[in-house]
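Asks: Give the three-dimensional model of this entry:
(2 chains)
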Amino acid sequence: MKSIVFSILVFASLNSYAQKFMTKTGSVAFSASTPIEKIEGINKSSACLLDSKTGSLDFIVSIKSFVFEKQLMQEHFNENYMESDKFQKSSFKGTILNLSSINFSKDGEYNAEVAGKLTIHGVTKDIKSVGKIIIKNGKPNLKSSFSVLLADYKIDIPGAVKDKISKDVKITINCMLEAMK
Amino acid sequence: MIIKFKEILLSAFLLTINIYANAQTDSSSDLEKLLGEDNTPKKEYIRNAFKSSRVINGHSMEMLGKGVLDFRILHRFGMIKGGYRELFGLDQASMRFGFDYGISKNFTIGIGRSTFNKEIDGFAKYRIVHQSKGAKSFPISIIWVSGITLNTTKILEPELKKIENRLGYYHQAIFGRKFGNAFTLQLSPTLVHKNLVDTKAFSNDMVALGIGARIKLSNRSAFIIDTYPLLYGANNNYNIFPLSVGFDIETGGHVFQLHVTNTKGMNEKAFIAETSQDWGKGEIQIGFNLSRVFTVVANKDESW
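Replies: The predicted structure is shown next:
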C-alpha cells in the first residue's frame, strides 16, 4: 500500500514537473537602427512552445505581423527586405542546454543557455544565445536579446540606404508563457 | 502476491512514463500543429500594387496610410525634339507640387499647384473595396476620386471674369487588380467637366478610359505605363490621348518616377482635356515625379 502511494506521488510530481508551456501572443522586437534612422518593428503575436521536460524551445513568428511606426518602412520591410509573401514565417527550433539548473516549479530567475536553428528569410543557421527564464506563480517568462547579421540570412541592403540600416540586427524576445492543459 | 502487485504497479508506472515521454518528443511539429488548429486562412489585404499613389499622371489604386503626408514634386520638361540646343527639353520645365494626406487608410485628400494654366487643384480619394485574399476575399480594389481645378491665369474678356469660368471638375472610378507579385492592371473611367471651353468646337464634358499597368523589374524598380484613351467629347483637331511610359525607382523614403510623356498638364482635367502633343510627331518630353513621404501620425497597430 505504501508503494502505491509512493508511486502515485512520484508519478504526480513528475507529471506536474514535466509540462509544456506556450503562448500565441509573445513579443518579438527587432532593431536595425542607426544614428540616422530609427528602424524598429514589434510583433506581439509570436508563438512559443517550451517543454520543461525535454528542454525543447520553439518559436514561430509571422513576418507580416511586425508593426512599424512608419508605414512605408513596414512596407519596405515586407516587400523589399523580408519578402514576406515568399517567406511568411521565421522560426527557431532549439533546446535549453542547462535544463537541470532551472526549476520550473519554483519561483525565481534563472539563466538559460539556448542553442538551435534559426530560420529567417528562408535561410537556416545554428545559433546560440543566453537569456533569462523568470518563473512566477508557475508561469515562465522568457527574455532574451541577441544579434544576427543580415548578410547571414541573405537580406540585401542596397547601396543607397547602406548608412541608414544597421548590418547587424538586435532581436529582443519577451514571452509570457502559460501552462498547457 | 504482494510482490506481484508491486511488479504490476511498477510496470504500469513505467509504461505511463514511457507513453508520457513519447508524447513529448518532436515538439517542434507540435507548435505548428497547435497553431494549425486555428489556421483558417485569414483575410489579407493586397498591398504594393503600385509603388506610389499615382501611376504616372493618373491616380493609382494605392492609398496613403493613415497619418502619412506625401510631398510630391512633378516636372515635365520641354520637348525632346528641341535637340541639343534645348538640352533635349531640359532647358524648360513645367511643374506641379502638391501635398497629399492620408486621413484614414481608405481616405486621402490632396492639393496641388501647377505651372500649366497656373492651376490649383484639389481632390478627395476614397477606397470603397480593398483587394484581398483569404477568408471573405475580394478580387479587385475599387476607388473613387473626385477633384476640382481652378485656373488662375488672367481672363482678358471682362464679361467672362467669373469664378465659375475658372473651374473644372473630374470624377473617376478606379478598378484595379494586382495579379501575383509582378503585374498590376487598373482601368479608370473618368469624366472631366470644364465650365468654360475655348470655342464651340470643344465639348464641356469629356470621357476617357484610363489604363494603368505596372510590371515589377526588381524589388525596387518597375516599368509603368499610364494612358487615357478618349471615349467621348474629344475635339479631333486638338485633343490627343495622353500616353506616358516610364520607370518607378524606389530609394528609402522616396519614390522616383522617370518617364516620357506627351502631356504637360499634371492634374486629371489638364492631362485628359488639354493634351495636344502627338507621340507620332515626336512631340514628347521627359518628366519625373518625386514623392517623399512623412509620417505625421505614428502607426500603432496597422499590421499587414
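Asks: The closest residue to chain A within the stretch 51-200 of chain B - how many residues pack around it?
Replies: The stretch 51-200 of chain B approaches chain A most closely through B:Gly65 (3.6 Å), counting by C-beta to the nearest C-beta. (Glycine included, C-beta is placed from N, CA and C.) As a burial measure, B:Gly65 scores 20 neighbours (other C-beta atoms under 10 Å in any protein chain shown).
Asks: Pretty sure it sits in a strand.
Replies: No - B:Gly65 is assigned coil when assessed by DSSP: H, G, I helix; E, B strand; the rest coil, not a strand.
Asks: Show the backbone phi and psi for the residue lying closest to it once chain neighbours are set aside.
Replies: Using C-beta to C-beta, 6 or more residues apart in numbering or on different chains and skipping residues adjacent in sequence, the residue nearest B:Gly65 is A:Gln71, 3.6 Å away. Dihedral angles of A:Gln71 (phi, psi; degrees, to the nearest 10) stand at phi -70, psi -30.
Asks: I'd guessed A:Gln71 sits against B:Val297; true?
Replies: No - counting by C-beta atoms under 8 Å, A:Gln71 sits too far from B:Val297 to count as a contact (10.1 Å).
Asks: which stretches of chain A form strands?
Replies: Per DSSP state E, chain A carries strands over the ranges A:20-31, A:40-51, A:56-62, A:67-68, A:89-96, A:108-120, A:123-136, A:139-149, A:168-176, A:178-179.
Asks: show me what contacts B:Pro189?
Replies: Each residue near B:Pro189 by C-beta atoms under 8 Å, 6 or more residues apart in numbering or on different chains is listed here: B:Gln172, B:Ala173, B:Val207, B:Ala208, B:Leu209, B:Gly210.
Asks: make it 10 Å
Replies: B:His171, B:Gln172, B:Ala173, B:Ile174, B:Phe175, B:Val207, B:Ala208, B:Leu209, B:Gly210, B:Tyr228, B:Leu231 (C-beta atoms under 10 Å, 6 or more residues apart in numbering or on different chains).
Asks: same deal with A:Asp163?
Replies: If a contact means C-beta under 10 Å, 6+ apart, then A:Asp163 has A:Thr34, A:Pro35, A:Ile36, A:Glu37, A:Ile157 as its contacts.
Asks: The residues you listed: which two are farthest apart?
Replies: Greatest spatial distance in the contacts of A:Asp163: A:Pro35 and A:Ile157, 16.1 Å, computed using C-beta to C-beta.
Asks: Please name the bridge partners of A:Tyr110.
Replies: A:Ile133 (DSSP bridges).
Asks: Count the residues that sit near it.
Replies: Residues near A:Tyr110, counting by other C-beta under 10 Å: 17.
Asks: Please verify my assumption that it contacts A:Ile133.
Replies: Yes - under the criterion of C-beta atoms under 10 Å, A:Tyr110 makes contact with A:Ile133 at 4.8 Å.
Asks: which residues do the two both contact?
Replies: A:Ile96, A:Ile102, A:Phe104, A:Pro140.
Asks: Reformat those residues as a markdown table; add distance to A:Cys175, neighbour count and pLDDT.
Replies: As requested, these are exported to a markdown table (distance: C-beta to C-beta, whole Å; neighbours: other C-beta atoms under 10 Å in any protein chain shown; pLDDT from 0 to 100):
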| residue | distance to A:Cys175 | neighbour count | pLDDT |
| --- | --- | --- | --- |
| A:Ile96 | 14 | 24 | 94 |
| A:Ile102 | 15 | 17 | 91 |
| A:Phe104 | 15 | 20 | 89 |
| A:Pro140 | 9 | 24 | 93 |
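Asks: which among these gets closest to A:Lys86?
Replies: Once C-beta to C-beta is applied, the member of these that ends up nearest A:Lys86 is A:Ile96, at 31.4 Å.
Asks: Please give me every residue in contact with that closest one.
Replies: Contacts of A:Ile96 by C-beta under 10 Å, 6+ apart are A:50-52, A:54-57, A:102, A:110, A:112-116, A:131, A:133, A:142.
Asks: swap the cut-off to 7 Å and go again
Replies: Applying C-beta atoms under 7 Å, 6 or more residues apart in numbering or on different chains, one finds that A:Ile96 lies in contact with A:Gly55, A:Leu57, A:Ile102, A:Ala112, A:Val114.
Asks: beta partners of the last one?
Replies: Pointing back at A:Val114 there. A:Ile96, A:Ser129.
Asks: What is the neighbour count of it?
Replies: For A:Val114, the count of nearby residues is 21 (other C-beta under 10 Å).
Asks: again with the fourth one
Replies: A:Ala112 sits with 22 neighbouring residues when counted by other C-beta under 10 Å.
Asks: List the contacts of it.
Replies: By C-beta under 7 Å, 6+ apart, the contact set of A:Ala112 is A:Ile96, A:Asn98, A:Ile102, A:Val130, A:Gly131, A:Lys132, A:Ile133.
Asks: burial of the last one, as a residue count?
Replies: I take that to be A:Ile133. 23.
Asks: picking up where we left off before, B:Gly282: which of the contacts of A:Ala112 is nearest?
Replies: B:Gly282 has its nearest neighbour among the contacts of A:Ala112 in A:Gly131, at 66.9 Å by C-beta to C-beta.
Asks: Can you tell me the closest non-neighbouring residue to that closest one?
Replies: Of all residues not flanking A:Gly131 in the chain, A:Ser144 sits nearest, at 2.9 Å (C-beta to C-beta, 6+ apart).
Asks: distance of the one you found from A:Thr119?
Replies: Counting by C-beta to C-beta, to the nearest Å, the gap from A:Ser144 to A:Thr119 is 17 Å.
Asks: do the same with B:Phe97
Replies: Noted for B:Phe97: a distance of 46 Å to A:Thr119, by C-beta to C-beta.
Asks: what stretches of the stretch 1-150 of chain B score poorly on pLDDT?
Replies: Where the stretch 1-150 of chain B drops to pLDDT under 70, the residues are B:1-29, B:37-40.
Asks: where along it do the helices fall?
Replies: When assigned using DSSP state H, counting those that start in this stretch, the helices of the stretch 1-150 of chain B occupy the ranges B:2-24, B:27-36.
Asks: how about stretch B:162-177 as PDB, C-alpha atoms only?
Replies: Provided in PDB are the C-alpha atoms of stretch B:162-177 (Å, rounded to 0.1, in the frame of the first residue of the first chain):
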ATOM      1  CA  LYS B 162     -16.400  85.000 -63.100                       C
ATOM      2  CA  ILE B 163     -15.000  82.400 -60.700                       C
ATOM      3  CA  GLU B 164     -17.200  79.600 -62.300                       C
ATOM      4  CA  ASN B 165     -15.500  80.200 -65.600                       C
ATOM      5  CA  ARG B 166     -12.200  79.200 -64.000                       C
ATOM      6  CA  LEU B 167     -13.400  75.900 -62.600                       C
ATOM      7  CA  GLY B 168     -13.200  72.400 -63.800                       C
ATOM      8  CA  TYR B 169     -14.100  69.000 -62.300                       C
ATOM      9  CA  TYR B 170     -13.200  65.400 -62.600                       C
ATOM     10  CA  HIS B 171     -14.800  62.200 -61.300                       C
ATOM     11  CA  GLN B 172     -13.100  58.800 -61.600                       C
ATOM     12  CA  ALA B 173     -13.700  55.200 -60.600                       C
ATOM     13  CA  ILE B 174     -10.600  53.000 -60.400                       C
ATOM     14  CA  PHE B 175     -10.900  49.200 -60.800                       C
ATOM     15  CA  GLY B 176      -7.600  47.600 -60.200                       C
ATOM     16  CA  ARG B 177      -6.100  44.200 -59.500                       C
END
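Asks: Many thanks, have a good one.
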